[in-house]
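model the following, please.
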Amino acid sequence: MNYLGEWTQEDLDNMTEDSNGQEYLTSILSKDAKVEVADIWDDIGDNVAVFVFQCNNCNLLVAMWQCF
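Below you'll find the predicted structure:
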């Protein structure tokens, strides 16, 4: 896995044609990191960090989140 960095709401919004970053984040969250995205969305960049990784073999994006 390659680390792509800490992504903001804007980064996530920019990954979709309809700027629905919340839905996109839900789709790429690691199965071990599932959360109701609506519960953390407003805190991304403040108390919540979203880290995105890309698989070296299939290019799949996977996100993990951390609250601090």
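
for the residue of the chain positioned farthest from its centre, pull up the helix or strand it's in.
Within the chain, the residue lying farthest from the chain centre (CA atoms, centre = their mean) is Asn57, at 19.6 Å. Assigned by DSSP states H and E, Asn57 belongs to no helix or strand.

over to Val52?
strand 48-54.

with Leu4 instead?
Assigned by DSSP H and E, Leu4 falls in strand 2-7.

pLDDT (mean, whole number) over the next helix-or-strand element following that strand?
Past strand 2-7, further along toward the C-terminus, the next helix or strand under DSSP H and E is helix 9-13. For helix 9-13, mean pLDDT is 97.

check which residues of helix 9-13 are buried.
Within helix 9-13, the residues that qualify as buried are 9, 11-13, counting by 16 or more other CB atoms under 10 Å. In this view, the C-beta of every residue, glycine as well, is placed from N, C-alpha and C.

can you lay out those as a markdown table showing distance to Leu61?
Output for the buried residues of helix 9-13, formatted as a markdown table (distance: CB to CB, whole Å):
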| residue | distance to Leu61 |
| --- | --- |
| Gln9 | 16 |
| Asp11 | 11 |
| Leu12 | 10 |
| Asp13 | 15 |
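
among the residues you listed, which one lies nearest to Leu25?
Here the nearest of the buried residues of helix 9-13 to Leu25, counting by CB to CB, is Leu12; it sits at 5.2 Å.

wait, that closest one sits on Trp41?
No. At 9.1 Å, Leu12 and Trp41 do not qualify as touching, with contact defined as CB atoms under 8 Å.

where do the contact lists of these two overlap?
Here Leu12 and Trp41 have 21-22, 25 as joint contacts, going by CB atoms under 8 Å, 6 or more residues apart in numbering.

let me see the contact set for the closest residue to Tyr3 other than its chain neighbours.
Leaving aside its sequence neighbours, Tyr3 sits nearest to Phe53 (CB to CB, 6 or more residues apart in numbering; 5.6 Å). Contact analysis of Phe53 by CB under 8 Å, 6+ apart lists 1-4, 61-64.

how about 6 Å then?
Contact analysis of Phe53 by CB atoms under 6 Å, 6 or more residues apart in numbering lists 1, 3, 62.
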